[in-house]
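**Q** The sequence and its predicted three-dimensional model are supplied below.
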Amino acid sequence: MTTDQIPAWSPADLHRHLHDGSRFSILDVRNRDEFEAWQIEGKLPLQTLNVPYFDLLELEDEDEEIAAAVARAVPERLKDSLPRSGPIMVICGQGHTSGHVAEGLRRLGYQAFNLEGGMAAWGDHYEMRVVEESQRLVIFQISRPARGCLGYLFASGGNAMVVDAARHTGIYTRIAAERGWRITDVFDSHLQADHLSGGLEMAEALGANYWLHPYDSIEPTDLLPATFSFHYLEDATTFTLGEVSVRALHMPGHTLGMTNLLLDDRYLLSGDTVFIESIGRPDLGGRAKTWVPLLYHSLQRLLALPDRTLVLPSHFGHIREADDLGCYRATLGALHSHNEGLRMFDRGPAAFSAYILESLPEHPKSYDDIRRVNTGLLQVDETKAGELELGRNRCGLSHREAGQD
Ligand SMILES: [Fe+2]
């Protein structure tokens, strides 16, 4: 049996099983640092074993088949830790080595299978969910499950807009083409630090307008301006899209230029201001103490919106935050009672500030370079882009529950 014939899940299969809470375990054969930086999370806890490939086996000679070497090594090295019954998904960086390991395990009677394309393919996998679909308005939420990133495509009257598209923009243009929509405007809610934006490139390719708040066109580490021109997205900038209105609300705090979009007075595309379980961290610009009051005032403004407003964030912290349909959304009223950051807001500015400053997660090293790419100050190839984006986003504050960013 070649590795092509080994049973495998595609990233879409994996997402479905994670969302459904299927029972399976994972054998991750990546190096320890890669494993520690980024793991697969399910709605239910997954039994995950990390055994780097090079610790798992030593080939008897250069010609030994990898699967045979795995089958030889496993009884001695792994037999007590691998579950004897139940499916085992084997993963590696690109899905090649894991295929051989899965094959070796199957020769020993394990129900092993491969993850097609490995963590690289999982990291670049996207899902689409319907938030609303009526004659007046269609809203799709586009998720990148491995990274916890969310973007939006919404349309009315044959025209469409896009918010917070990641660098793989095909899913947006494909859906728009299938629906016969013309994408007229593309937005970034803020200067993204955790992922490379596809917004500008998509807008240029489509002849659409690209919008960003001018404060976020300055890279905050180098204090250098963006190298491209763009439309200024400012507070109260208002658009008419078919039958609905789209209004910009400047909500500084996570970044100075963070801007939310209020769609049809009912849907708040909240960017990284507020998520389902947490709120956007105010320290990525290196000035947490100065920016906390901005964040406080922005949340004050946000909470003045009606409780029925449906919040659609640009990130999630864990797949369990999705509703039964796989959509990440909640009313503002529900968030106000469950979201830790919003509950801390209710304790007033001093307690809020203390909470924020003690909840700040580490600042990933790659974020400065990602912002340089997103302001046009740095060019990277596909390999480097993948390296910069490795792992789950860390745009939210630390959640106090164990196991969350
Ligand atoms: Fe962010």
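**A** Yep, it's here.

**Q** CA only for contacts and neighbour counts going forward, please
**A** Noted.

**Q** can you map out the helices along this protein?
**A** If you assign secondary structure with DSSP state H, the helices in the chain sit at 11-20, 32-37, 53-56, 66-77, 97-107, 118-123, 170-179, 199-206, 288-303, 332-338, 340-345, 349-358, 366-374, 382-388.

**Q** The chain - how does it break down into domains?
**A** For the chain, the structural domains run 3-122, 126-388, going by automatic domain parsing.

**Q** how far is the shortest one from where the chain is centred?
**A** Going by C-alpha atoms, centre = their mean, to the nearest Å, the spacing between the C-alpha centre of domain 3-122 and its chain's C-alpha centre is 24 Å.

**Q** who wins for proximity to R394 among the domains of the chain?
**A** Proximity to R394 (C-alpha to C-alpha) singles out domain 126-388 among the domains of the chain, at 6.9 Å.

**Q** What is the neighbour count of the nearest residue to G253 once chain neighbours are set aside?
**A** Nearest-residue entry for G253: L295, 3.8 Å, with adjacent residues in sequence omitted and distances by C-alpha to C-alpha, 6 or more residues apart in numbering. Counted with other C-alpha atoms under 10 Å, residues neighbouring L295 total 28.

**Q** picking up where we left off before, please identify the deepest-packed of the helices of the chain.
**A** Among the helices of the chain, judged by mean count of other C-alpha atoms under 10 Å, the one packed with the most neighbours on average is helix 97-107 (a mean of 25).

**Q** got the residue ranges for the strands in the stretch 151-300 of the chain?
**A** When assigned using DSSP state E, counting those that start in this stretch, the strands of the stretch 151-300 of the chain occupy the ranges 159-163, 182-187, 209-212, 218-219, 224-225, 231-232, 238-241, 244-250, 259-263, 267-271.

**Q** Make a markdown table from those and add distance to S359, mean pLDDT and mean neighbour count to it.
**A** Rendered in a markdown table, the data for the strands of the stretch 151-300 of the chain read as follows (distance: least, C-alpha to C-alpha, whole Å; pLDDT from 0 to 100; neighbours: other C-alpha atoms under 10 Å):
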| stretch | distance to S359 | mean pLDDT | mean neighbour count |
| --- | --- | --- | --- |
| strand 159-163 | 28 | 98 | 22 |
| strand 182-187 | 29 | 98 | 22 |
| strand 209-212 | 28 | 98 | 22 |
| strand 218-219 | 24 | 96 | 21 |
| strand 224-225 | 29 | 96 | 15 |
| strand 231-232 | 32 | 98 | 14 |
| strand 238-241 | 35 | 98 | 16 |
| strand 244-250 | 24 | 98 | 19 |
| strand 259-263 | 23 | 98 | 26 |
| strand 267-271 | 20 | 98 | 24 |
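
**Q** any chance of these in JSON lines, with distance to the ion too?
**A** Output for the strands of the stretch 151-300 of the chain, formatted as JSON lines (distance: least, C-alpha to the ion, whole Å):
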{"stretch": "strand 159-163", "distance to the ion": "13"}
{"stretch": "strand 182-187", "distance to the ion": "14"}
{"stretch": "strand 209-212", "distance to the ion": "13"}
{"stretch": "strand 218-219", "distance to the ion": "13"}
{"stretch": "strand 224-225", "distance to the ion": "18"}
{"stretch": "strand 231-232", "distance to the ion": "19"}
{"stretch": "strand 238-241", "distance to the ion": "23"}
{"stretch": "strand 244-250", "distance to the ion": "15"}
{"stretch": "strand 259-263", "distance to the ion": "11"}
{"stretch": "strand 267-271", "distance to the ion": "8"}
